[in-house]
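Peer 1: What follows is a predicted structure for the sequence shown.
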Amino acid sequence: MPPRITALTDPEPGASSRRLVWLAADSGGVPLGSAFLRLFTREGQEHLAELEISVHRAERRQGVGTRLLEAAVTAARSDGRRSVVAQAEDDSPGDRFLADRGFRRVLALTYARLVLTDADLAEITRLAELPHPGYRLTSWEGAVPPELARSYADSRRAMDDMPMEDTDYGTVVWDVDRVLAAAETVAGRGDLLHTVAALDRADGSVVGFSELVVPGNGQGDGQHYGTAVLPEHRGRGLGRWMKAASIRRARHRHPGLTGLLTDTATGNAPMLGINDELGYVPTHRAAEYQLGL
């Protein structure tokens, strides 16, 4: 008997997206799997939807995932979306599931972790304290300070040319409201957002940033959200400088942290090199898949 698919709607849309949810259950109401479809609503990404499907291990290969996928794709198409993206770890059941159902592999990702107890803190401190003529570092927790808000929002264009290979990701348009909303989202779920930024001494503008999100209790692993430098300021070691300062800051402020996680496009050789130099060790690889509608 085919699974029963129940559609749900997230009651609280986010600042940049809304979610649809489907639950699969057997005739007795026992949960079998779920699908989450994120519909982006901000300018530059209204064409895109992001899918996550999960099926209980014992229920796989019985059509549950296929039924959930059909429901999600139908909803995305009805909403006028052009592309659906989904991610799966290499050589996993999800990897094979997406490939077999018409999704195209468009981006390779490398995941890595820095074990803080093994980190060379002396070297990281040295890198964080290296002078960079014409620049200085600043940092903050939570929302960006008002005096830097406009400049920080403008600096987000540093992410526009990050290697995305063939992903139909669109262009994320950042303004002060979006920057503040992102920080509010992190705080709303109880996590801590730490940002290190590089400033141009000539005018005090933000030319690069490195974001790190730490669990609210300061335990476990932190997650890097992005490190980027404006194109006109690259080639000066600012990315490594900021990330080293972020690591040192996290280590001192949150001694209960055990590691820092990061993910990088496999084609982004400069950032992979920075991660390697700072002591991050690859843990696994994944792929971004895309379905054209």
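Peer 2: Ah, there it is. Residues are numbered from 1 along each chain as shown.
Peer 1: ranges for the strands of the stretch 51-200 of the chain?
Peer 2: 83-89, 104-115, 135-141, 192-200 (DSSP state E, counting those that start in this stretch).
Peer 1: So for the first one, mean pLDDT?
Peer 2: Predicted confidence along strand 83-89 averages 95 (mean pLDDT).
Peer 1: Does anything pack onto it? Which helices or strands?
Peer 2: strand 48-55, helix 64-78, helix 93-100, strand 281-292 (3 or more Cβ pairs under 8 Å, 6 or more residues apart in numbering; DSSP states H and E). Any C-beta I mention is one placed from the backbone N, CA and C, and that applies to glycine too.
Peer 1: Tell me where the model's unsure across the stretch 101-250 of the chain.
Peer 2: 162-165 (pLDDT under 70).
Peer 1: about what we covered before: okay, the strands of the stretch 51-200 of the chain in JSON lines with distance to residue 231 and mean neighbour count next?
Peer 2: Output for the strands of the stretch 51-200 of the chain, formatted as JSON lines (distance: least, Cβ to Cβ, whole Å; neighbours: other Cβ atoms under 10 Å):
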{"stretch": "strand 83-89", "distance to residue 231": "25", "mean neighbour count": "20"}
{"stretch": "strand 104-115", "distance to residue 231": "21", "mean neighbour count": "18"}
{"stretch": "strand 135-141", "distance to residue 231": "15", "mean neighbour count": "15"}
{"stretch": "strand 192-200", "distance to residue 231": "14", "mean neighbour count": "22"}
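Peer 1: Let's have those in TSV, adding distance to residue 260.
Peer 2: Below are the strands of the stretch 51-200 of the chain laid out as TSV (distance: least, Cβ to Cβ, whole Å):
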stretch	distance to residue 260
strand 83-89	20
strand 104-115	4
strand 135-141	16
strand 192-200	11
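Peer 1: right, so of these, which gets closest to residue 178?
Peer 2: strand 192-200 (14.1 Å; Cβ to Cβ).
Peer 1: Show me how far whichever helix or strand comes after the closest one is from its chain's centre.
Peer 2: With elements assigned by DSSP states H and E, the helix or strand that comes after strand 192-200 is strand 206-214. Relative to its chain's centre, strand 206-214 lies at 13 Å (Cα atoms, centre = their mean, to the nearest Å).
Peer 1: ditto for stretch 80-90
Peer 2: 14 Å.
Peer 1: now do stretch 58-70
Peer 2: 27 Å.
Peer 1: Restricting to C-alpha, output that stretch in CSV.
Peer 2: Extracted in CSV, the C-alpha atoms of stretch 58-70 (Å, rounded to 0.1, in the frame of the first residue of the first chain):
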residue,chain,number,x,y,z
ALA,A,58,14.2,0.6,7.1
GLU,A,59,11.7,2.1,4.7
ARG,A,60,14.0,2.9,1.8
ARG,A,61,13.6,1.5,-1.7
GLN,A,62,9.8,1.2,-1.3
GLY,A,63,8.7,4.4,-3.1
VAL,A,64,8.5,6.6,-0.1
GLY,A,65,11.2,9.0,-1.3
THR,A,66,9.8,9.1,-4.8
ARG,A,67,6.3,10.1,-3.5
LEU,A,68,7.8,12.8,-1.4
LEU,A,69,9.9,14.1,-4.3
GLU,A,70,6.8,14.2,-6.6
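Peer 1: In it, which residues are buried?
Peer 2: Applying a neighbour-count criterion of 16 or more other Cβ atoms under 10 Å, one finds 59, 64, 65, 66, 67, 68, 69 buried in stretch 58-70.
Peer 1: from these, which single one is nearest residue 213?
Peer 2: For those, the nearest to residue 213 is residue 68 (28.8 Å; Cβ to Cβ).
Peer 1: distance of the residue lying closest to the closest one once chain neighbours are set aside from residue 44?
Peer 2: Nearest non-adjacent residue to residue 68, counting by Cβ to Cβ, 6 or more residues apart in numbering: residue 35, 3.9 Å away. Remark: distance between residue 35 and residue 44 (Cβ to Cβ, to the nearest Å) = 25 Å.
Peer 1: Check residue 79 too.
Peer 2: For residue 79, the distance to residue 44 equals 16 Å [Cβ to Cβ].
Peer 1: thinking again about what came up before, to residue 166, which of the helices and strands packed on strand 83-89 lies closest?
Peer 2: With Cβ to Cβ as the yardstick, what comes closest out of the helices and strands packed on strand 83-89 is strand 281-292 (7.3 Å).
Peer 1: Parallel or antiparallel, list what pairs with the closest one.
Peer 2: strand 83-89 (antiparallel), strand 104-115 (antiparallel) (DSSP bridges).
Peer 1: Appreciated, that's everything.
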